[in-house]
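Engineer: Give me coordinates for this.
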Amino acid sequence: MKIEIRKGTNPLGGRTIEFATGTSKVLLDVGCEFDGLDLPLPETEGPSDPASFDAVILASFHTDRLGAVYAQYPPDRVQVGEKSFAAMRAMDLYRGRAATPPAGFLEHGRPVRAGDLTIVPFLADCASFDTWFFEVSAGAESILYAGDFRLNGRKPFAWLLRELPGKASALIAEAPGVEESPDAVGASDTGSPPAGSGSSPRNEQEFEYALIDLFHRTTGPILALVPPLDADRLVSVHRAAKVTKRLLLEELQLAVVASAVGTPMPGPMDHDDVKTFVTRYDERGHPRNALYARFDGPRRIGRSGIAKERFVLCVRPSMLSFVRLLAKDVPMADGLLVYAMDRAYRDTPAMREFLDGCEALGLRVVTLEVRNGPDGRSLRKLADHVRSDLFLPIRSTDRGWFPNLPHGRGE
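Structural biologist: Below is the predicted model of the structure:
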C-alpha cells in the first residue's frame with residue numbers, strides 16, 4: 001500500500017489521508033483547517049480528482065474530518081457513522097438545504113470493501129461522539145489509523161484495545177503535544193475529584209466534579225464555552241447543571257444537532273431541563289423558523305424567560321452581541337464564564353474579543369480543561385498493543401517525543 005498524508009500537520013485541524021494500491025484508492029477524512037470556534041462547516045477544496053476514489057470514509061463529525069465532503073465527493077462513495085450523519089443532516093437543515101444520504105453507515109467491526117482495500121471500523125473513545133479507528137488492509141499488509149482518541153473519556157479504552165488487531169504494518173495516530181500530559185488517568189482508574197483547588201481535571205468525570213463545584217459557588221448566570229460537537233463535554237455540563245438545579249440552554253444550532261443525534265447528546269426533545277433559544281429572528285420564510293417551531297412550548301425560551309431562570313447557557317464567540325443584550329436583563333457581576341475548549345483557540349482574534357467582552361460585563365472567566373487528544377500514556381498503550389513496524393505521528397507538535405517507538409513521518 002501507498003500512504004499519502006495530504007493534510008495532517010496543523011495542530012488545530014485539517015487532515016486527509018489517502019491509501020492506495022495499484023488498482024484502488026480510499027480517502028480517510030476530507031478535512032479543512034479551521035479555527036474550531038463556530039459552525040456551520042466551511043466548504044473546502046479536496047483533491048482534484050474526487051471521483052477517482054473508491055470510498056471516502058469519515059472518522060467523525062468534525063470540521064477537520066469532513067470539511068470538503070459536501071461539495072467534492074460523490075455521495076455513493078461516502079461512508080460515515082449513523083449518528084454523524086444525523087448531525088450532518090441536522091446542520092444541513094439549519095443551513096436550509098437537503099442532506100444527501102451516504103452510501104452506507106459504519107458499524108463497529110463490519111468491514112467496508114473498496115476495490116482490493118478492506119477497511120474495518122472500530123468505535124473509539126473521543127470527546128466527539130461516533131468517532132472511529134480504521135484498520136486498512138490489502139493482502140497481508142495492514143495499517144491502523146487511530147486519528148483522535150484518548151483514554152480519559154467515558155468509553156472504556158481497555159475494551160477498544162481488546163477489539164483492535166494485535167499487529168499492524170504501520171500505525172498512524174494523532175499526537176499533538178504528547179509531552180504535556182504523560183500521566184492522564186482514565187475514568188475507570190479513579191472516581192475521585194482532583195486533589196486541591198489548583199488541580200486540573202485528569203478525565204471527564206473529574207471535569208464534571210469540577211464544574212459542579214464551580215456552579216455551586218456561583219450565584220449569578222453561568223455561560224459555558226464548549227466545543228460545539230463535543231458530546232462528552234456537553235454531557236458533563238448538563239449533569240453539572242442538573243445537580244446544581246439550573247436549566248441548560250442551547251442556541252438553536254446546537255439544539256438541532258443534539259436533538260437529531262439523541263443519546264449521548266442532551267437536547268430539548270429528550271430532556272425537560274434543556275431548552276433552546278435564538279439569538280436573532282430570521283426573515284419570514286427562512287428554514288430556521290420552521291426548525292425553531294419544532295421546539296414547541298416548554299422546549300424553548302426567550303430572552304425575557306431566560307432572565308427569570310437559573311441557567312447554564314452554552315455559548316460560542318459569535319454570540320457576544322446576544323450576551324450583551326442579555327446583560328441588560330440579567331446582572332452579570334456575580335456570573336461565571338467557563339472556558340472549556342482547547343487552549344490553542346484562546347488567542348484567536350474572535351475568541352479574544354469574546355472573552356474580553358464577557359469580562360467587561362463582569363463575568364469571571366475560569367479555564368477548565370481536560371485533555372481531548374491522545375497523551376503519552378495512551379499512545380504507549382496503543383503502540384504496545386499494535387506492535388507496528390512503523391509509527392506515523394500526525395498533528396504532532398513534538399515529534400522528538402518518539403525516540404523509543406519505531407516511527408517515520410508522512411508528508
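
Engineer: how about the strands of the stretch 51-200 of the chain, start to end?
Structural biologist: 55-57, 78-81, 104-106, 112-114, 117-123, 132-138, 141-147, 170-174 (DSSP state E, counting those that start in this stretch).

Engineer: Name all residues that make contact with I119.
Structural biologist: V26, L28, A55, I57, Q79, P111, V112, F134, E135, V136 (Cβ atoms under 8 Å, 6 or more residues apart in numbering). From N, CA and C alone the C-beta is placed, and that goes for glycine too.

Engineer: Drop anything exposed from those.
Structural biologist: Among those, those classed as buried by 16 or more other Cβ atoms under 10 Å are V26, L28, A55, I57, Q79, V112, F134, E135, V136.

Engineer: for the stretch 151-300 of the chain, what are the low-confidence residue spans?
Structural biologist: 151-152, 175-199, 282-283 (pLDDT under 70).

Engineer: quick one: the helices in it?
Structural biologist: Using DSSP state H, counting those that start in this stretch, the helices of the stretch 151-300 of the chain run over 157-163, 204-216, 231-243, 252-261, 287-294.

Engineer: Could you tell me the least trusted of the strands of the stretch 51-200 of the chain?
Structural biologist: Lowest mean pLDDT within the strands of the stretch 51-200 of the chain: strand 170-174, at a mean of 83.

Engineer: That strand packs against which elements?
Structural biologist: strand 2-7, strand 141-147, helix 376-386, strand 391-394 (3 or more Cβ pairs under 8 Å, 6 or more residues apart in numbering; DSSP states H and E).

Engineer: can you give me the offset of the longest one from its chain's centre?
Structural biologist: Its chain's average C-alpha position is 22 Å from that of helix 376-386, according to Cα atoms, centre = their mean, to the nearest Å.

Engineer: quick one: average confidence on it?
Structural biologist: 81.

Engineer: cool, and the first one?
Structural biologist: With pLDDT averaged residue by residue, strand 2-7 scores 76.

Engineer: got the angle for it vs strand 170-174?
Structural biologist: 10 degrees (axes from the mean of the first three to the mean of the last three Cα atoms, to 10 degrees).

Engineer: Give me the sheet partners of the helix or strand just after strand 2-7 and which way each runs.
Structural biologist: For strand 2-7, the following helix or strand on the C-terminal side (DSSP states H and E) is strand 16-20. Here strand 16-20 is paired, per DSSP bridges, with strand 2-7 (antiparallel), strand 25-28 (antiparallel).

Engineer: Show me what counts as buried in strand 16-20.
Structural biologist: With burial defined by 16+ other Cβ under 10 Å, the residues of strand 16-20 counted as buried are T16, I17, F19, A20.

Engineer: closest to T348 among the residues you listed?
Structural biologist: Lowest distance from T348 to the buried residues of strand 16-20 (Cβ to Cβ) belongs to T16, with 22.7 Å.

Engineer: Bridge partners for that closest one, pull those for me.
Structural biologist: If you apply DSSP bridges, the partners that T16 bridges to are K7.

Engineer: ok, now the one 4 residues further on?
Structural biologist: According to DSSP bridges, the residues that bridge with A20 are K2, K25.

Engineer: same question, V312
Structural biologist: I222, L248.

Engineer: Hmm, it is touching F215, no?
Structural biologist: Yes. If you go by Cβ atoms under 8 Å, V312 and F215 touch, sitting 7.1 Å apart.

Engineer: shared neighbours of those two, anything?
Structural biologist: With Cβ under 8 Å, 6+ apart, V312 and F215 have common neighbours I222, A240, A241, R246.

Engineer: These: which two are farthest apart?
Structural biologist: I222 and A240 (9.1 Å).

Engineer: what do the two both touch?
Structural biologist: Joint contacts of I222 and A240 (Cβ under 8 Å, 6+ apart) are F215, V312.

Engineer: ok, the nearest residue to L93 once chain neighbours are set aside - contacts?
Structural biologist: Once flanking residues are discounted, L93 sits nearest to L291: 6.2 Å by Cβ to Cβ, 6 or more residues apart in numbering. Shown in contact with L291 (Cβ under 8 Å, 6+ apart): L93, Y94, L252, V256.
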